[in-house]
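Novice: Next one to model:
(2 chains)
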There are 2 protein chains.
Amino acid sequence: MKTKTTLSDLGEFGLIEHLTKNIVIKHPETIKGVGDDAAVLEYKNKQIVVTTDLLVEGIHFDLVYTPLKHLGYKAVVVNLSDVYAMNAEPKQITVSIAVSGKMTLEMIEELYSGIHLACEKYNIDMIGGDTTSSVTGLLISITAIGEADKKDIVYRNGAKENDLICVSGDLGAAYMGLLLLEREKQVFNTDPKMQPDFKTHEYILERQLKPEARKDIIKLLRDMKIKPTSMIDISDGLSSELIHICRSSKVGCKIYGERIPIDVETGNMADELNLNATTCALNGGEDYELLFTVPVEYHDMVRGNLNFMVIGHITNEKDGMLLIGSGGHVAELKAQGWNAFLRKE
Amino acid sequence: MKTKTTLSDLGEFGLIEHLTKNIVIKHPETIKGVGDDAAVLEYKNKQIVVTTDLLVEGIHFDLVYTPLKHLGYKAVVVNLSDVYAMNAEPKQITVSIAVSGKMTLEMIEELYSGIHLACEKYNIDMIGGDTTSSVTGLLISITAIGEADKKDIVYRNGAKENDLICVSGDLGAAYMGLLLLEREKQVFNTDPKMQPDFKTHEYILERQLKPEARKDIIKLLRDMKIKPTSMIDISDGLSSELIHICRSSKVGCKIYGERIPIDVETGNMADELNLNATTCALNGGEDYELLFTVPVEYHDMVRGNLNFMVIGHITNEKDGMLLIGSGGHVAELKAQGWNAFLRKE
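Specialist: This is a model prediction of the structure:
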């Protein structure tokens, strides 16, 4: 039988000590990590990139079907994804958690094992945080810090007319995974003897529960000597992110529905749920793929690479933001996105 | 009548836009603030200091008696206090909030007006954040970033035998303010017609509801050309913080109860509640004063300055951590502190 240790036995200092005692600093830029009023970093002649995300139980995750280790892993990855989307390298994170009284030390250890796993995989120093209790659910707040040479940083506002619009990987899978988990939860709530049926759905479940940040794509672009003119990570859905790029860059866009990359498992699940897979890819969110624009002269290089898909091109601002559907049907892009204020209502 | 705007009308992007549209960047080091995947900072030949804090409704604050503007102000100040405690200058913050459905836009604006006020007063750039909904209460997560020359940073671990132990300001007032607010809340709950009696308690209420970070003390020490050997801010109570310094520095300490600075209002309130004021100053927390050690040769300089009080000195580790009471009674220091896991149980 597993041990269960209550948090009030341990106290806040005991918990912090317990969770941070095995941290080994990985980067020479991390002068001082956990254990003082603040962490100390040193970057000479580099620019520093900072991003932060808040994950709330019942809004961003459901502990009924989210393993705590996966949750910790994902909480780190979604922040690193923002740093990569600046074409920068993440190096440090701070992790703050609020935990309810019903959580045990062993549960928090599970959560941190996922956090540490992500730190190992992406070569990140955990340099601080805050640990407190919550009146109700679990809450995780992570801030990621990274670095890049000034010349390498890619903003959202650099897209130019005629640039190619590219996405990495495939889209819509994480959302399909979420819908599947929600469906099986409903089934289980109705009849607890029913076992969830996850056969042939491994990919979409993994995309939802254990996403990865596209560090590999950043490296690949660097190796290909391609610096995107604009870049963003797809956390709220392709439509919403592309609108961010167009508005920041003061340009329009034209993308082709049939060129949006969708995995076969995503397509099957959409069929099963009577949904349009392209709509799910446009609005689903949580894919953590990269959306970026490159000058048209790179056309042959990006088209020839299986890691990206060219889904359209940048147009003049006055031409609007357009989606060309099958049969040439033209629709305006809308930012339905993933609205945390609407989702559970 | 005041307007009330629901957050689901506005959506997450609308809310972020609304809350960040008037931000003017103050520091040349802030290359890019809100509006991309991450903020971008540039520090040449400086060390960077990072700290983070999480404030949870029902644990760290009670909206029954905490005005939202004060709460926003305090949430920033407690983070800046950690940066000053490194002898560094805070320059940027990120602010993430989770808000319950019952909060309106106008309430969040109140909260942000306090955040902006603290940013103005302490000369801070707000560079990013995350805004989401919460199933229950309000939650605020702030990360502060600052800078210092490498030679100026003060850690917890530099205290040496014979160093003088100093504190700024006075202690215990914030805790007395909290106890007063809790008492008046109980009275109000029992008889809603009773009006709270806050006369002659302005100081302890302000210390609880609108604390300041001791930027002035950092500047004063610099002007006096005194670099402390160790420093920490008093967020969890004097005992707990002094134990942090002693353990990190591998030293002991001897402090004198009658030298602990206590304001007359704090003393009166303690009497009224039948509490020992010195115990409250030792364990109360949330004072955000600075606790630091300086070499004994500065004795005349620090004793002659009304902004500090010398409360004792550093001893050999084997001599333990001691509190000398009135009449010479010797007690061991204990870190009762402010335990977020115990407080509401």
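Novice: For the rest of this, base every contact and every neighbour count on C-alpha atoms.
Specialist: Fine.
Novice: In contact with residue A:87, which residues?
Specialist: A:148, A:152-154, A:218 (Cα atoms under 8 Å, 6 or more residues apart in numbering or on different chains).
Novice: In this structure residue A:113 contacts residue A:69, no?
Specialist: Yes. Counting by Cα atoms under 8 Å, residue A:113 does reach residue A:69; the two are 6.0 Å apart.
Novice: just to revisit the earlier point, can you list which of the contacts of residue A:87 are found in helices?
Specialist: residue A:218 (DSSP state H).
Novice: Show me which of the contacts of residue A:87 are buried.
Specialist: A:148, A:153-154, A:218 (16 or more other Cα atoms under 10 Å in any protein chain shown).
Novice: In the stretch 51-200 of chain A, what residue comes closest to chain B?
Specialist: For the stretch 51-200 of chain A and chain B, the shortest gap (Cα to the nearest Cα) falls at residue A:51, measuring 4.5 Å.
Novice: That residue: helix or strand, and which one exactly?
Specialist: strand A:47-56 (DSSP states H and E).
Novice: Name the next helix or strand following the top strand by length along chain A along the chain.
Specialist: Identified as the longest strand of chain A according to DSSP state E is strand A:89-100. Per DSSP H and E, the first helix or strand lying C-terminal to strand A:89-100 is helix A:105-122.
Novice: Let me see the residues that make contact with that following helix.
Specialist: Contacts of helix A:105-122 (Cα under 8 Å, 6+ apart): A:3-7, A:19, A:68-77, A:124-126.
Novice: Return the subset of the residues you listed lying in helices.
Specialist: Using DSSP H, the contacts of helix A:105-122 in helices are A:7, A:19, A:68-77.
Novice: Keep only those of these that are also close to chain B.
Specialist: Applying Cα under 8 Å from any Cα of the partner chain, the subset of the ones in helices among the contacts of helix A:105-122 adjacent to chain B comprises residue A:7.
Novice: Ranking by neighbours, what's the top pick from the ones in helices among the contacts of helix A:105-122?
Specialist: The most crowded member of the ones in helices among the contacts of helix A:105-122, judged by other Cα atoms under 10 Å in any protein chain shown, is residue A:76 (30 neighbours).
Novice: how about the helices in the stretch 201-345 of chain A?
Specialist: Counting by DSSP state H, counting those that start in this stretch, the stretch 201-345 of chain A has helices at residues A:202-209, A:215-223, A:238-249, A:264-272, A:277-283, A:299-303.
Novice: what helices or strands is the longest one leaning on?
Specialist: Just to be clear, that refers to helix A:238-249. strand A:230-233, helix A:277-283, strand A:290-294 (3 or more Cα pairs under 8 Å, 6 or more residues apart in numbering or on different chains; DSSP states H and E).
Novice: If we use 10 Å, what do you get?
Specialist: Contacts defined by 3 or more Cα pairs under 10 Å, 6 or more residues apart in numbering or on different chains; DSSP states H and E place helix A:238-249 against strand A:230-233, strand A:252-256, helix A:277-283, strand A:290-294, strand A:308-315, strand A:321-324.
Novice: Between the ones you listed, which one is closest to chain B.
Specialist: strand A:230-233 (6.5 Å).
Novice: pLDDT of the closest one, averaged?
Specialist: In this model, strand A:230-233 carries a mean pLDDT of 97.
Novice: That one pairs with which strands, and in what direction?
Specialist: Using DSSP bridges, the strands paired with strand A:230-233 are strand A:290-294 (antiparallel).
Novice: Off-centre distance for the strand it pairs with?
Specialist: Its chain's average C-alpha position is 16 Å from that of strand A:290-294, according to Cα atoms, centre = their mean, to the nearest Å.
Novice: May I ask which helix or strand encompasses residue A:131?
Specialist: strand A:125-134.
Novice: How far away from the center of its chain is that strand?
Specialist: With Cα atoms, centre = their mean, you get 20 Å for strand A:125-134.
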